[in-house]
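Novice: A predicted structure for the sequence below; I have some questions about it.
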Amino acid sequence: MTSTEQTGPKLKRGEKSIEINGGNVVYEILGNEGDFIALTPGGRFSKDIPGLRPLAQALAKGGYRVLLWDRPNCGKSDVQFYGQSESHMRAETLYRLITELDIGPCILAGGSGGARDSMLTTMLHPEIVTKLVVWNIVGGVYGSFVLGSYYIVPSILAVRGTGMKGVAGIAEWRERIEENPANRDRLLAQDDGEFLKLMLRWLNAFVPKPGQTIPGVEDEMFDNIMVPTLIIRGGENDLDHPKRTSLEVSCLIKGSKLIDPPWPEDAWERASEKRAQGKVKRFNMFDTWVQAAPPILEFLGDSAGR
């Protein structure tokens, strides 16, 4: 390593790193026995985002081993840039991670962006999935546009204005560099023009289109999901994860089970308000997810013989 190169992340007890598709992926496993559940959060949030671990611990207490992982561009894992969309890239990573760790076929579970990543992994690699559990599914004009404007547009503006140095300076990527200093070199190594092309392609995935109930995925792909599936529907007035989208997904996944949310119908909106008003000092958007543990465990037990 030269004096200008940056080292990778500092791993805490229980964390491990494995190279997948040219980048290091940080993961950990909770529980000592039972079937594996690959649990995926939303956004570009890490496995350590508040609210996720209590759910993982509850599932582990219920008799399962839980894989928590930092997806590319999340947490301590390396940034990576390829694929039809960011979710396509993550689906390929999850497939390879499960394969390399030899823990498949296994159960996939995820909320928000993690729901999309889990569904897409099941569509593209159905042979490694035994059951699927998803909630807080993003869809609709507002939900899709918000994701594109929040996660993709700032990088497009930065690379067009000041190149990859500008990209490395925006808040989203500064956080990735803080958690994994090696990500600065990985970002700066990207070609400006190729990075712009990729960002435009990833942005296109969030443009609502006929025949795409979830962003960037053709509805016909849902025919590939043939495993027992539990869908926790979106809240009544949740614009980010519309009730309508989860109902449509339940129609597209044949034989899926749709249940009402175990948390209050307005849980997402109230959490959003608290954050906007500065009433919470920590991330609180996933705090209610632990309430999904009982219905998830019940579903996994009921579908064990299917």
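Specialist: Here it is on my side, so go on.

Novice: in the protein, which spans are helices?
Specialist: For the chain, the helices defined by DSSP state H occupy 52-61, 86-101, 113-124, 140-147, 153-169, 171-179, 182-188, 192-204, 243-252, 267-276, 293-302.

Novice: would you list the ones you listed in CSV and tack on mean pLDDT?
Specialist: Below are the helices of the chain laid out as CSV (pLDDT from 0 to 100):
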stretch, mean pLDDT
helix 52-61, 98
helix 86-101, 98
helix 113-124, 98
helix 140-147, 96
helix 153-169, 98
helix 171-179, 96
helix 182-188, 98
helix 192-204, 98
helix 243-252, 98
helix 267-276, 91
helix 293-302, 96
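
Novice: pretty sure residue 293 is in contact with residue 60, am I right?
Specialist: No - look at residue 293 against residue 60 with CB atoms under 8 Å: they stay out of range, at 9.9 Å. Any C-beta I mention is one placed from the backbone N, CA and C, and that applies to glycine too.

Novice: returning to that earlier point: which of the helices of the chain sits most buried?
Specialist: Here the criterion is mean neighbour count by mean count of other CB atoms under 10 Å, and of those the winner is helix 113-124, at a mean of 26.

Novice: check contacts around the residue lying closest to residue 283 once chain neighbours are set aside.
Specialist: Closest residue to residue 283 apart from its sequence neighbours, by CB to CB, 6 or more residues apart in numbering: residue 50 at 5.0 Å. Counting by CB atoms under 8 Å, 6 or more residues apart in numbering, residue 50 touches 282, 283, 284, 286, 287.

Novice: Return a selection command, for use in ChimeraX, containing the buried ones of those residues.
Specialist: The buried subset of the contacts of residue 50, as determined by 16 or more other CB atoms under 10 Å, is captured in ChimeraX by this line:
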select :284,286,287
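
Novice: Starting from residue 42, give me the distance back to residue 89.
Specialist: Distance from residue 89 to residue 42, counting by CB to CB, to the nearest Å: 16 Å.

Novice: try residue 283
Specialist: Taken as CB to CB, the span from residue 283 to residue 42 is 11 Å.

Novice: cool, and residue 143?
Specialist: Counting by CB to CB, the separation of residue 143 from residue 42 is 11 Å.

Novice: What of residue 30?
Specialist: Residue 30 is 19 Å from residue 42, where distance means CB to CB.

Novice: Between those two, tell me which one has more neighbours.
Specialist: Neighbour totals were compared for residue 30 and residue 42, and residue 42 leads with 25 against 18 (other CB atoms under 10 Å).

Novice: Spatially, what comes nearest to the more buried one if we skip its sequence neighbours?
Specialist: Spatial nearest neighbour of residue 42, excluding adjacent residues (CB to CB, 6+ apart): residue 112 at 2.6 Å.

Novice: The one you found against residue 138, yeah?
Specialist: Yes - using CB under 8 Å, residue 112 is in contact with residue 138, at 6.1 Å.

Novice: Give the intersection of the neighbour lists for the two.
Specialist: In contact with both residue 112 and residue 138: 42, 240, 241, using CB under 8 Å, 6+ apart.

Novice: need those residues in JSON lines with distance to residue 128 and pLDDT, can you?
Specialist: Supplementary listing: the shared contacts of residue 112 and residue 138 in JSON lines, determined by distance: CB to CB, whole Å; pLDDT from 0 to 100:
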{"residue": "42", "distance to residue 128": "21", "pLDDT": "95"}
{"residue": "240", "distance to residue 128": "29", "pLDDT": "95"}
{"residue": "241", "distance to residue 128": "26", "pLDDT": "97"}
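
Novice: mind listing what residue 114 touches?
Specialist: For residue 114, the contact set (CB under 8 Å, 6+ apart) comprises 39, 40, 41, 42.

Novice: Just give the number of residues close to the second one.
Specialist: Counted by other CB under 10 Å, the residues lying close to residue 40 total 27.

Novice: for the first one, same thing?
Specialist: Residues within reach of residue 39, counting by other CB under 10 Å, total 28.

Novice: Check the gap between it and residue 292 for me.
Specialist: From residue 39 to residue 292 the distance is 11 Å (CB to CB).

Novice: Need the per-residue pLDDT for residue 7.
Specialist: Here the pLDDT value assigned to residue 7 is 84.

Novice: swap in residue 48?
Specialist: So, for residue 48, pLDDT stands at 96.

Novice: Contact partners for the closest residue to it other than its chain neighbours?
Specialist: What sits nearest to residue 48 in space, not counting adjacent residues and going by CB to CB, 6+ apart, is residue 75, at 6.5 Å. For residue 75, the contacting residues are 26, 45, 46, 47, 48, 179, 180, by CB under 8 Å, 6+ apart.
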